[in-house]
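>>> structure for the following, please:
(3 chains)
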Amino acid sequence: MSELQLKDLYDGFRDPEVISGFAKLIEQEAKKLKKPINIMEVCGGHTHSIMKFGLPQLLPKNINFIHGPGCPVCIMPKERIDHAYALAEQEDVILLTLGDMIKVPGSRGSLQDARAKGADVRFLYSPLDALKIAEENPAKKIIFFAIGFETTTPMTTALIDIVLKRSIKNIFFHINHVTVPEVMVELIDSRDEHVDSYNNRIDAFLGPSHVSVITGSKIYEEFPRKYNRPVVVAGFEPVDVMEAILMIVKQFNEERCELEIEYKRLVTHDGNIKAQKLIEKYFEKASLFKWRGLGNVPKSGYRLKSEYSAIDAEKIYADILPKDEIEDHKLCICGDILRGMAKPQECTIFGTACKPSTPLGSCMVSSEGACAAYYKYGNLI
Amino acid sequence: MCLSIPSKVVSIDVERNVAKVDTMGVTREAGLELMEEGDVKVGDYVLLHIGFIMNKIDEDDALESLKVYNEILEKLDEEERRQMVINDDNCENRGQ
Amino acid sequence: MNKTVTLAMGNGGEENNELISKVFYKAFKNEILEKSEDAAVIHGGELAFSTDSFTVSPLFFPGADIGKLAICGTCNDLAMMGAKPKYLTCSVIIEEGFSVRELEKIVRSMKIELENNGAIIVSGDTKVVPRGSVDKIFINTTGIGEIKKKGISSNLISEDDVIIVSRDIGCHGATIFAARESIELSTKLESDCASLTHQVQALIEANVKITALRDATRGGVSAVLNEWATQSNICIEVDEESIPVSEEVYGICEILGFEAVNLANEGTFVLAIKKEDAQKALEVLHGFENSANAVEIATVSDQYPKKVILKSSYGTKRFLDAPTGELLPRIC
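I've put the predicted structure just below:
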């Protein structure tokens, strides 16, 4: 094959023939499985891909997906959305965040609702867009409500770096970045407690694509070693996912339990060291971070180090930030769905009281949540 | 909300630490803050995410993967053809 | 439904329809209105009557401007009922401080497009409001046309019909978004804004058995197919691979996470044609530059009534639901 074209990087990994080809290989290999396996895809982008391309329709009955919590928007607890709401309401504040975040409802409504009531809330394509807004509004306080997994965390720190180097005085940060391995451990631990039948276990993980580009695959080493669960780091495209599933099935049949990388073109063992160093420079782990639907997960969230308190909106505005704990909706079973113990259709309010336009729980809120993906794509399964 | 996409580097502005990348006919600027100096060159394929270049795409690995997929398809085709021949041989209605 | 009006309610999709039926249809109840066609059929089926307001931002974009849009929009709605546009009105609300030069440019575009449609402006209104009360200029056009083929209706589609789309989709939405975000383009992406009168008249003159027509504006092709599925109580099965999408639009969709079927169009229409005339319809459409790549994209069945299904080429299916949420505010 001659030189690589940009188009190949898209089409080559979405080729319908190759998808069908892998479906056949998986079917052949799955026949040899001693028992059915449950694969958890941690990342919302994977859930979205799996549902959008209808991959469960191509897999044999003994391979099941359990949809993980991998959507930083979905897991944002109401308490922290209320923080954003409170900040947005301040007269001289322009609240900035990324995409879907403005639709998530807190206890008083979503940031979108706050905007409809007059708050200055804007969504950005990139944290760097905050610089222009800050320049154009010198009298205003620009607060960046930072969200996302390890994929997005370094971009926030890059912005922090610029703000500090250029001595920009009107940009502040409210940090809500979360990390993946800790929640994977939490899910295994809390599920293994609840396991009543052999079929409920998370047997293997589909490792997130772009989190892994930043962190390297090294962060998953403990899963095969300590928890006896294989991990295959997969790309987002349907061919990537199918190839990774085949790799997982082969591991079971060959009685291996390893960490493998399917997404070789972008993921290495060590990851992006420069990005990791930026994160280490500005952030430290908070001892607890509450994940909507899951509760507190130890050491899973970042906060600004104390030497950067001057730009930490959570500290500066501590007086006006609400501190009450808020319960999730009584009928919401997102916690169980996130642990993979239930499927969206088993929720009594799925599709009725709880749907994408009126989400009640974390899984319906973002387009990558398990319930949202099922609502949009899943009825045919 | 992961919208990371493969793009091709079209030009680099060292002073502003920014690269211009092309993604399917859309040109955007992307920050180079997460890449080591001099690492990214014009013509490289990179992964773009929320305005930053996240990493370079390893062309050899990408080509290798695509090659493997082609081989899988060829092998499956072979098997299908062989199965068709066997089916044909065993066909009860074959002319007597 | 929300207690205050949200941006999503103007999206041309689910929330929009909810607002319309729960507030407007409830008050203005009548048979003609409830048909929910692109234009009202009045006067014993002889005339089509339609109105539209234009708030697009930016005012000038690759391929067209608010003026051309204001004429195409209303004329196309009339054309979708098989009518030839004849008389239009034009109401403008202008923000104090707006450039007269730009206003003249807009009006010139309107003039050209009127000539293209063979229609004239017979009445109008001009209001100027203080700075900040509107964003530069809002235009409303209302039109009356003579129906040349009766019985075209979105309520009568059946399994005897196939669904055709007149050209590659999503150009307008993609262009507006790119212009609005100042996304630099190295391609020739431009709005598909165009009048559809001639194509429709050609189909009528060729005696093509047209069941329904609808231009795919806000909410895109997805909104049209879902509206048809609901109004005619049918299942529309779409062959995903056959949907024409240009490279340029595909690129924008990839970058911004959109699906082309949800993006607005202003010169693209969807047709429900009796199976036996599908080929003839395509031939007529292919004779126009604007519909040179018209293609059949779907069939009708009773598998899942009121739903639209997308079938992939590798054997999977999924529902294509009407777009929800705030996709692109102020695109038309």
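>>> would you mind listing what in chain B touches chain A?
For chain B, the residues found near chain A under the criterion C-beta under 8 Å from any C-beta of the partner chain are B:1-2, B:4, B:6-8, B:22-24, B:31, B:33-36, B:45, B:47, B:49-52, B:54-55, B:57-59, B:61-67, B:69, B:72-73, B:76. Just so you know, the C-beta spots here come from the backbone N, C-alpha and C atoms, and that holds for glycine as well.
>>> then chain C?
Neighbours of chain A within chain C, by C-beta under 8 Å from any C-beta: C:4-8, C:14-15, C:181, C:241, C:254, C:309, C:312-319, C:321, C:324-326.
>>> one more time with 6 Å
Selection of chain C residues close to chain A by C-beta under 6 Å from any C-beta of the partner chain yields C:4, C:6, C:313-314, C:316-319, C:324.
>>> ok, C:Ile243 to chain B distance?
For C:Ile243, the distance to chain B under the criterion C-beta to the nearest C-beta, to the nearest Å works out to 17 Å.
>>> if we can go back for a sec, got a ChimeraX select line for the buried ones in the residues of chain C next to chain A?
Here is the ChimeraX command that picks out the buried ones among these, judged by 16 or more other C-beta atoms under 10 Å in any protein chain shown:
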select /C:6,314,316,317,318,319,324
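>>> what's the closest of the residues of chain C next to chain A to chain B?
The nearest member of the residues of chain C next to chain A to chain B, counting by C-beta to the nearest C-beta, is C:Tyr314 at 12.5 Å.
>>> so the closest one is in contact with A:Glu17, correct?
No. Under the criterion of C-beta atoms under 6 Å, C:Tyr314 is not in contact with A:Glu17, lying 7.5 Å apart.
>>> pLDDT check: weakest of the residues of chain C next to chain A?
Of all the residues of chain C next to chain A, the model is least confident about C:Thr324, whose pLDDT is 71.
>>> where's that one, which helix or strand?
Take DSSP states H and E as the rule and C:Thr324 turns out to sit in neither a helix nor a strand.
>>> quick check: it touching C:Asn17?
No. The pair C:Thr324 / C:Asn17 is not scored as a contact, 10.3 Å apart, by C-beta under 6 Å.
>>> and the residue of chain C closest to chain B?
Counting by C-beta to the nearest C-beta, chain C gets nearest to chain B through C:Gly251 (2.9 Å).
>>> give me the nearest residue to that residue, chain neighbours excluded.
If the residues on either side of it in the chain are set aside, C:Gly251 comes closest to B:Met24, at 2.9 Å by C-beta to C-beta, 6 or more residues apart in numbering or on different chains.
>>> so for the one you found, what pLDDT did the model give?
With respect to pLDDT, B:Met24 has a value of 79.
>>> what's around C:Arg226, how many residues?
One thing to correct before we go on: residue C:226 is Asn, not Arg. Applying other C-beta atoms under 10 Å in any protein chain shown, we find 23 residues neighbouring C:Asn226.
>>> was I right about it contacting C:Thr324?
No. No contact is recorded between C:Asn226 and C:Thr324 when judged using C-beta under 6 Å, the distance being 10.7 Å.
>>> and the helices in chain C, which stretches?
C:14-19, C:26-28, C:31-34, C:66-79, C:100-117, C:171-180, C:197-205, C:220-232, C:247-256, C:278-286 (DSSP state H).
>>> ah, wrong one, I meant chain B
Shown for chain B, the helices assigned by DSSP H span residues B:59-89.
>>> quick revisit: just the buried ones among the residues of chain B next to chain A, please.
Going by neighbour count (16+ other C-beta under 10 Å), these have B:1-2, B:4, B:6-8, B:22-24, B:31, B:33-35, B:45, B:47, B:49-52, B:54-55, B:57-58, B:61-63, B:65-66, B:69, B:72-73, B:76 buried.
>>> so who does B:Ala19 touch?
Contact criterion C-beta atoms under 6 Å, 6 or more residues apart in numbering or on different chains gives B:9, B:12, B:30, B:32 as the residues in contact with B:Ala19.
>>> ok now the least confident helix or strand in chain B by mean pLDDT, how far from the chain's centre?
Taking mean pLDDT, DSSP states H and E as the measure, chain B has strand B:26-31 as its least confident helix or strand, at a mean of 86. A distance of 19 Å separates the centroid of the chain from that of strand B:26-31, by C-alpha atoms, centre = their mean, to the nearest Å.
>>> count the neighbours of B:Val68 for me.
Using other C-beta under 10 Å, B:Val68 has 12 other residues around it.
>>> could you report the separation of it from C:Phe60?
When C-beta to C-beta, to the nearest Å is the yardstick, B:Val68 and C:Phe60 sit 49 Å from each other.
>>> ok so, going back, in JSON lines, list the residues of chain C next to chain A along with distance to A:Phe223.
Supplementary listing: the residues of chain C next to chain A in JSON lines, determined by distance: C-beta to C-beta, whole Å:
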{"residue": "C:Thr4", "distance to A:Phe223": "47"}
{"residue": "C:Thr6", "distance to A:Phe223": "43"}
{"residue": "C:Ser313", "distance to A:Phe223": "36"}
{"residue": "C:Tyr314", "distance to A:Phe223": "31"}
{"residue": "C:Thr316", "distance to A:Phe223": "30"}
{"residue": "C:Lys317", "distance to A:Phe223": "34"}
{"residue": "C:Arg318", "distance to A:Phe223": "31"}
{"residue": "C:Phe319", "distance to A:Phe223": "35"}
{"residue": "C:Thr324", "distance to A:Phe223": "37"}
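>>> pick out whichever of the residues of chain C next to chain A sits closest to chain A.
Here the nearest of the residues of chain C next to chain A to chain A, counting by C-beta to the nearest C-beta, is C:Thr316; it sits at 2.8 Å.
>>> that closest one against A:Pro56, yeah?
No. C:Thr316 is not in contact with A:Pro56 according to C-beta under 6 Å; the separation is 8.6 Å.
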